[in-house]
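Chemist: Coordinates for the following, if possible.
(one chain, ligands or ions: 1)
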Amino acid sequence: MEINIPDIRHGNHPEELQQAILDNLYYTQGKSAELATLNDWYMAVSYTVRDRMMRHWIGSLNKFYKKGIKIVGYLSAEFLLGPHLDNAMLNLGIQEEMNMAMRNLGLDPLQVIHQEEEPGLGNGGLGRLAACFMDSFTTLDIPAIGYGIRYEFGIFDQQIKDGAQVEITDKWIRFGNPWEIVRPELTYIVKFGGHTEPYTDHDGNYSVKWIPAYEVKGVAYDTAIPGYQNDAVNLLRLWKSEAVESFNFKEFNEGNYAGAVDQKTIAETISKVLYPNDELDAGKRLRLSQQYFFVSCSLRDTLHILQARGLTLRDLPDAFALQLNDTHPSIGIAELMRILIDEHLFSWDEAWGITRKTFGYTNHTLLPEALEKWSLPLFSSLLPRHLEIIYEINHRFLDGVKIKHAGNEQLLSRLSIIDEQGEKYVRMAHLATIGSHTVNGVSRLHSDLLRHSVLSDFYALDPEKFVNITNGVTPRRWIRLYNSSLAGLISKHIGEKWISHFDTEINKIESLAENIDFREQWREIKQQNKQALADLILQRTGVSVNPDTLFDVQVKRIHEYKRQHLNLLHIVALYNRIKKNPGMQITPRTFIFGGKAAPGYFMAKLIIRLINAIADVINKDADVAGRLNVIFFPDFNVKNSEWIYRAADLSEQISTAGKEASGTGNMKFSMNGALTIGTLDGANVEIMQEVGAENFFLFGLDAIQVAAIQSGGYQPAHYYQNNHELKEAIDMIDAGYFSDGDKHLFRPIIDSLMNHDPYLVMADFSSYMDCQEKVSALFADKEEWTRKAILNVARMGRFSSDRSIRDYCSRVWGINVVNGVG
Ligand code: 26Q
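Modeler: Next up, the predicted model:
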């Protein structure tokens, strides 16, 4: 049936758009233009843009139901998308027209765009990676569905009160979300708890029935992810938990009925809030419920699509590639086995073959405290049938290992999915590794460390299973959208192809590094970006900073391993140098920090207080005025980052070598023309290799030296004794210089540094200081600095998430990418 879509919903002339905005305001929202608030206008504008995606959206949905193409199911507990509106306008190619339509209505387009509250459905790197990958999937025209959780409250908003972090609930859907479409007809029932009962089926086979204690309903909420000017759209399908209206009384014991009201609350709690921890597994029941909830809905959904395509369960590995974004969705391995065996009566071997061919596992961390493990009592009380299946997977896996390694009990206990030293746990990284066809790390170094540390026994058994896929970020959001002046300058010289073919095109600006006019324009843009950030800093913090100073920026989650306190020790040492020698020549700097601390992470929160304490003293001290400023930029998130990356001169990537799996902020800075000071950690190693060691400030111990020092009786106090600037800085903090004489406040940081220093801050201090000297010297040479900045951008092609996704397609998913090679 041919349906004529009225112009009002797809015309792209400014006048049509203007009329469409009014139309949405009136008919969709029931508001008159006279009474409309800024938020009403934002909603009307967003509906108007969404209408323009609908044709592609529906076209893409149809594509999911076509045979013969493999769909990627990207399973992730987090998607940190950032604001939709500007991105959607860019990708649809209607930015100018929409801006004109808004202006014609008397609206300020920037105000409308900045009205959007971002969906902060992630903690940091891992969630943002998922968002960049969604952008790349669609831009490369690869059919993909992102599966996750529609948290009612995303990552908390951060306020700073008296120098300390205060967490505010993130009420992102308070005023509605124009980008999602709820599908009340698309729901799945998820079971929890209870017990299992063996029985014999019609054919006399041993079977198991799971009798759950309660059930929860998952409702699909869809958001369109548009590709960059290619008419393609993919789907982000997030699940909201709701109580099932009617209980299946037969399946409930009489005694359980009274608990039905409690169960309703439990049901609605599951998708309530994002856990704000990253890199720390708390082992909480609700967290496991969240994971199982979204994975169960998502698997059922893929099987539904499979069926609708006229395929059978045996076709699953050819029809879908399911990627596990860390272990958070790894319960999916046991769930797919359960569905195949208990519900569809597959043999174990056949089910296992299908499962192993369907899943791939991406590891994002080596930190022991971040590796997910669930205590057996908790696991069996929530997912009794899955635990039985995991035992069976483990049993069969270890039996296989025994064939070659009989009697090696230690090896078997190291490989086992069940950790049996002391209290017993399910090790999710082991389940994910055993149940997947491919395991990948997120940078070359990280993948090597995976092979030779955490997963070394698995690597020895099956080396082919392990690959590296270095992370990347989307140049659409991170350059074109969030540094539009620089994007304009680049396009003026090499055209616009770099936006969709960054990896092969951006090096065309390399020769412009030698062009003095180009360098001049480049600097002008950087200067404007710095001025804009300075204005925002004044507005948000009340501190006035000078855009002529070197903007030295460290923005990322606050973590001891990321070593924000190493940065602070450098600042205090510089401060002391000036105090002792007020007339000295130094390169004036503005130090900018930003990042959230997990609410329960005491040391991280104390580091925020220390940053603010040091900022307070330095910003008020007339002796250093104009030469040193320290800023803590509150509430660092995707939206605020628009102002920050593009304004940076220097990018701080100073984690202890071997601890940062990849880092992606490092890529965003470098792509926006900041130079990096960094350790040989994560993707820094590859960034340095690409941009050239002469265009990168390297310092510190490497991962091998770190391991050696740590195993050889490291004594941090030794460095304190032997470096007077370090001693002085530590002593000042300890003596209460930055805390009005309070000697206790920062004692835990000092104690940790002096007695344990697990992240080798003390050992790397002098190398860091020396390297910062080189930074200061180079910054004084504007032309040389600019030349290096341009070369950084020109050589960052490899760090486009388009390249990452192509690598996944060829090395993990077995997908042929049509769009793409240049
Ligand atoms: C686990 C259990 C319970 C509650 C929370 C969690 C949890 C949540 C989020 C554990 C880890 C995370 C996030 C981890 C993360 O963002 N890792 C980062 O991933 C990036 C993308 O690969 C890398 O670039 C970073 O190096 C890595 O730190």
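
Chemist: Tell me who's in contact with whichever residue of the chain sits closest to the ligand.
Modeler: Taking Cβ to the nearest ligand atom, the ligand has its nearest neighbour within the chain at G125, 2.9 Å off. The C-beta positions use only the backbone N, C-alpha and C, and glycine is treated the same way. For G125, the contact set (Cβ atoms under 8 Å, 6 or more residues apart in numbering) comprises 278, 364, 556-557, 662-665.

Chemist: how far away is it from A321?
Modeler: 22 Å (Cβ to Cβ, to the nearest Å).

Chemist: do the same with D399
Modeler: Separation of D399 from A321 (Cβ to Cβ) stands at 28 Å.

Chemist: Which of these two has more residues huddled nearby?
Modeler: A321 (26 against 10; other Cβ atoms under 10 Å).

Chemist: Looks like the more buried one contacts I815 (just checking).
Modeler: Yes - here A321 reaches I815: they are 6.9 Å apart, a contact under Cβ atoms under 8 Å.

Chemist: Name the residues contacting each of those two.
Modeler: Counting by Cβ under 8 Å, 6+ apart, the common neighbours of A321 and I815 are 70, 72.

Chemist: Mind checking which of the contacts of G125 land in helices?
Modeler: Residues of the contacts of G125 located in helices (DSSP state H): G665.

Chemist: need the contacts of G125 in JSON lines with distance to E652, can you?
Modeler: Converted to JSON lines, those look like this (distance: Cβ to Cβ, whole Å):
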{"residue": "D278", "distance to E652": "19"}
{"residue": "H364", "distance to E652": "21"}
{"residue": "K556", "distance to E652": "9"}
{"residue": "R557", "distance to E652": "13"}
{"residue": "S662", "distance to E652": "16"}
{"residue": "G663", "distance to E652": "11"}
{"residue": "T664", "distance to E652": "14"}
{"residue": "G665", "distance to E652": "9"}
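
Chemist: Name the nearest of the contacts of G125 relative to E464.
Modeler: Sorting these by how near they are to E464, with Cβ to Cβ, puts H364 at the top with 21.5 Å.

Chemist: and K605, which of the three is it?
Modeler: Going by DSSP: H, G, I helix; E, B strand; the rest coil, the secondary structure assigned to K605 is helix.

Chemist: whoops, I mixed them up, W210
Modeler: Following three-state DSSP, W210 is assigned to strand.

Chemist: Chain neighbours aside, what residue packs nearest to it?
Modeler: Leaving aside its sequence neighbours, W210 sits nearest to R385 (Cβ to Cβ, 6 or more residues apart in numbering; 4.0 Å).

Chemist: List the residues that contact the one you found.
Modeler: Residues near R385 by Cβ under 8 Å, 6+ apart: 196, 208, 210, 338, 342.

Chemist: make it 6 Å
Modeler: Contacts for R385 (Cβ atoms under 6 Å, 6 or more residues apart in numbering) come out as 196, 210, 338.

Chemist: and of those residues, the nearest to Q115?
Modeler: Nearest to Q115 among the contacts of R385 is R338, at 45.2 Å by Cβ to Cβ.

Chemist: For that closest one, pull up the helix or strand it's in.
Modeler: Secondary-structure assignment from DSSP states H and E places R338 in helix 331-338.

Chemist: hey, C-alpha coordinates of whichever helix or strand comes after that helix in CSV?
Modeler: Later in the chain than helix 331-338, the nearest helix or strand by DSSP H and E is helix 348-358. Extracted in CSV, the C-alpha atoms of helix 348-358 (Å, rounded to 0.1, in the frame of the first residue of the first chain):
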residue,chain,number,x,y,z
TRP,A,348,23.6,-29.6,25.3
ASP,A,349,26.2,-29.9,22.6
GLU,A,350,24.1,-28.3,19.9
ALA,A,351,23.1,-25.5,22.3
TRP,A,352,26.7,-24.9,23.3
GLY,A,353,27.8,-24.7,19.6
ILE,A,354,25.1,-22.1,18.9
THR,A,355,25.9,-20.1,22.0
ARG,A,356,29.7,-20.0,21.5
LYS,A,357,29.3,-19.0,17.8
THR,A,358,27.0,-16.1,18.8
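
Chemist: Show me the contact partners of stretch 53-73.
Modeler: Stretch 53-73 is contacted by residues 143-145, 147, 224, 226, 231, 233, 302, 305, 308-309, 320-322, 815 when judged by Cβ under 6 Å, 6+ apart.

Chemist: go with 7 Å
Modeler: 10, 88, 92, 137, 142-145, 147, 224, 226, 231-234, 298, 302, 305, 308-310, 318-323, 813, 815 (Cβ atoms under 7 Å, 6 or more residues apart in numbering).

Chemist: Run through the residues that contact the closest residue to K240 other than its chain neighbours.
Modeler: Nearest non-adjacent residue to K240, counting by Cβ to Cβ, 6+ apart: R150, 4.5 Å away. Neighbouring residues of R150 by Cβ under 7 Å, 6+ apart: 221, 238-240, 271.

Chemist: Is I815 located within a strand, as I assumed?
Modeler: No - per three-state DSSP, I815 lies outside any strand segment and is coil.

Chemist: Can you report how many residues lie near it?
Modeler: Other residues lying near I815 total 20 when counted by other Cβ under 10 Å.

Chemist: phi, psi of the nearest residue to it once chain neighbours are set aside?
Modeler: Spatial nearest neighbour of I815, excluding adjacent residues (Cβ to Cβ, 6+ apart): C809 at 4.1 Å. With angles defined as degrees, to the nearest 10, C809 sits at phi -60, psi -50.
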